[in-house]
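K.L.:
Sequence plus the predicted model coming up.
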2 protein chains.
Amino acid sequence: MRQNLRLTIEYDGTNYHGWQRQKNASTVQGTIEAAIEKMTEQSVTVIGSGRTDAGVHAQNQIAHFSIDSKLTSEIFKKGLNSLVPADIVIKDCQAVDDSFHARYDVSSKVYNYHILNRPFPTALFRHYAWHIKKELDLNTMREAMLHLKGTHDFSAFEATGSHRSNPVRNVMNVSLHTKGSSGHLVFSIEANGFLRCMVRNIVGTLVDIGLGKTSPTDFCDILHSKNRTQAGATAPSQGLFLKEVKYEGGNI
Amino acid sequence: MRQNLRLTIEYDGTNYHGWQRQKNASTVQGTIEAAIEKMTEQSVTVIGSGRTDAGVHAQNQIAHFSIDSKLTSEIFKKGLNSLVPADIVIKDCQAVDDSFHARYDVSSKVYNYHILNRPFPTALFRHYAWHIKKELDLNTMREAMLHLKGTHDFSAFEATGSHRSNPVRNVMNVSLHTKGSSGHLVFSIEANGFLRCMVRNIVGTLVDIGLGKTSPTDFCDILHSKNRTQAGATAPSQGLFLKEVKYEGGNI
């Protein structure tokens, strides 16, 4: 029986070379594909909503695969969870319409970036946040962030060496909020798509603004320059989380 | 110059055999003592507010050590942080009065225990929470918890094989709250002292109540039985955090 199965996946990216399958390197996609092959003796491709880089985490990565099998989606969920390491969890597995495609059908994605802004580093969140020692000015960061909203050519925030036909993306939502009282900041961004390293390059530049190295007006100029060399450094991968992937007509 | 230095320490207990120095095993106390020895060529004992077991974490463990050194507390803080691994952070180091003793002077301690109550396990918090699959009844757990408040003989919740002269402790505060919307629960308890494994044995028993295996009245009977065999299983170490240590006249 041909089935199209949709996975919701949480993973701790610390020990992976990112989502995408690679020869001679452990990746999330490769690990899940190997588990499916162990269960079914079939070699399948698991298509994710998009790649995440080495060290980047996901609360809700979405992927799908098509397979000829009598196993139910519930059996797949239990079986895969018993085969993959504890740093990958299949939160949900559902049979979906043949036409569902985890990448092509995405309407938007939400990424969160976690910063720990306090004088001393963190032992407990060292794999899950970027430690910034000096106090950040959140108001100027928020002022700059407003320039991101709407449809823009985001070339200034694309990883150098990336070649895409179309660097235009639509940013629907952007926010920066504090969590608790211990300097924990969460930057959140929703867009219809992201260029390679776009969130981390935006965060690196926003942190320069929070530190007073760049002004919110400069940020607007950087965006419009479409020139990567104008923007700040790339924020480290461990602070980045793929929080949610949205699809037309809801998430299922 | 003889100095008495007070440390505030955050640690991720995942890779340690607990706080207390052991031969042939990596511990938090042993790691900090080795770093002090590397800085000063002096062998000192770092006295913690109390032990934590293997796998248990701390946001704010307090410790002190006495040393003959001209180095300032700020130099000690920087030096120790550069010498200990990233899963230990010296958040603060202060010169204190000679009379300060990190264990004897404790007025109370706060422990938090994190539970993830949802059908699927967690990849991201696997080292920082106990995953309980079935839905817990928080109201009956809260009803039972009230029996903990006040001064009691807590022998029923002491690790078997422990021998203390006095198993009576005073529990000042106890709470159970939800954090966010994803099944994250935090049990918090403040007492003037804790018996070995007391928090984890209480949590194990409270989870039995949340699952309907034991009633809140039973919980009261278990406490008064002073008999460890009456209580539930010990909750796993990875959910436990030493949150705060309080001292007479404030925390400094």
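P.N.:
Perfect, thanks for sending it.
K.L.:
And the one helix or strand A:Cys220 maps to, what does it pack against?
P.N.:
Using DSSP states H and E, A:Cys220 sits within helix A:216-225. Helix A:216-225 sits against helix A:138-145, helix A:198-210, with contacts defined as 3 or more C-beta pairs under 8 Å, 6 or more residues apart in numbering or on different chains; DSSP states H and E. (C-beta placed from N, C-alpha, C; glycine too.)
K.L.:
now what about the lowest-mean-pLDDT helix or strand in chain A, what contacts it?
P.N.:
Using mean pLDDT, DSSP states H and E, helix A:216-225 stands out as the lowest-scoring helix or strand of chain A, at a mean of 90. Helix A:216-225 is contacted from outside by A:140, A:143-144, A:147-148, A:152, A:154, A:156-157, A:205-206, A:209, A:214, A:230-231, using C-beta atoms under 8 Å, 6 or more residues apart in numbering or on different chains.
K.L.:
just curious, which of these is nearest to chain B?
P.N.:
A:Leu206 (23.8 Å; C-beta to the nearest C-beta).
K.L.:
Without its sequence neighbours, what residue ends up closest to the closest one?
P.N.:
With C-beta to C-beta, 6 or more residues apart in numbering or on different chains as the criterion, A:Leu206 has its nearest non-adjacent residue at 5.0 Å, and that residue is A:Met141.
K.L.:
Check the one you found and give its pLDDT.
P.N.:
At A:Met141, the model reports a pLDDT of 97.
K.L.:
mind checking how far A:Thr45 is from chain B?
P.N.:
The gap separating A:Thr45 from chain B is 22 Å, by C-beta to the nearest C-beta, to the nearest Å.
K.L.:
my guess is that residue meets A:Ile67, correct?
P.N.:
No. Using C-beta atoms under 8 Å as the test, A:Thr45 is too far from A:Ile67 to be in contact (10.3 Å).
K.L.:
Looking at those two, which has the bigger crowd around it?
P.N.:
In this view A:Thr45 and A:Ile67 are compared by other C-beta atoms under 10 Å in any protein chain shown, and A:Ile67 has more residues nearby, 17 against 12.
K.L.:
which residues touch that one?
P.N.:
A:Arg2, A:Gln3, A:Leu5, A:Ile36, A:Thr40, A:Gln42, A:Val44.
K.L.:
and the fourth one, what element?
P.N.:
Read it as A:Ile36. Counting by DSSP H and E, A:Ile36 is part of helix A:28-40.
K.L.:
mind listing what's buried in that helix?
P.N.:
Neighbour-count burial for helix A:28-40 flags A:Val28, A:Gln29, A:Gly30, A:Thr31, A:Ile32, A:Glu33, A:Ala35, A:Ile36, A:Met39, A:Thr40 (criterion: 16 or more other C-beta atoms under 10 Å in any protein chain shown).
K.L.:
swap in stretch A:116-136?
P.N.:
A:116-117, A:120-132, A:136.
K.L.:
ok, now stretch A:232-246?
P.N.:
Quick answer for stretch A:232-246 (16+ other C-beta under 10 Å): A:232, A:234-246.
K.L.:
of those residues, list those near chain B.
P.N.:
On the criterion C-beta under 8 Å from any C-beta of the partner chain, none of the entries of those sits beside chain B.
K.L.:
In TSV: those residues, plus secondary structure.
P.N.:
Below are those laid out as TSV (DSSP: H, G, I helix; E, B strand; the rest coil):
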residue	secondary structure
A:Gly232	coil
A:Thr234	coil
A:Ala235	coil
A:Pro236	coil
A:Ser237	helix
A:Gln238	helix
A:Gly239	helix
A:Leu240	strand
A:Phe241	strand
A:Leu242	strand
A:Lys243	strand
A:Glu244	strand
A:Val245	strand
A:Lys246	strand
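K.L.:
now the strands for chain A?
P.N.:
A:2-11, A:47-48, A:57-68, A:88-96, A:106-117, A:130-132, A:150-153, A:168-179, A:184-191, A:240-247 (DSSP state E).
K.L.:
could I get the ones you listed as CSV with mean pLDDT and distance to B:His184?
P.N.:
What follows is the strands of chain A, written out as CSV (pLDDT from 0 to 100; distance: least, C-beta to C-beta, whole Å):
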stretch, mean pLDDT, distance to B:His184
strand A:2-11, 97, 13
strand A:47-48, 97, 26
strand A:57-68, 97, 12
strand A:88-96, 97, 14
strand A:106-117, 97, 16
strand A:130-132, 97, 22
strand A:150-153, 95, 34
strand A:168-179, 96, 13
strand A:184-191, 97, 15
strand A:240-247, 97, 15
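K.L.:
Out of those strands, flag the one nearest B:Tyr111.
P.N.:
B:Tyr111 sits nearest to strand A:184-191 of all the strands of chain A, at 20.6 Å, using C-beta to C-beta.
K.L.:
any residue of that closest one up close to chain B?
P.N.:
No. Using C-beta under 8 Å from any C-beta, strand A:184-191 stays clear of chain B, with a minimum separation of 11.8 Å.
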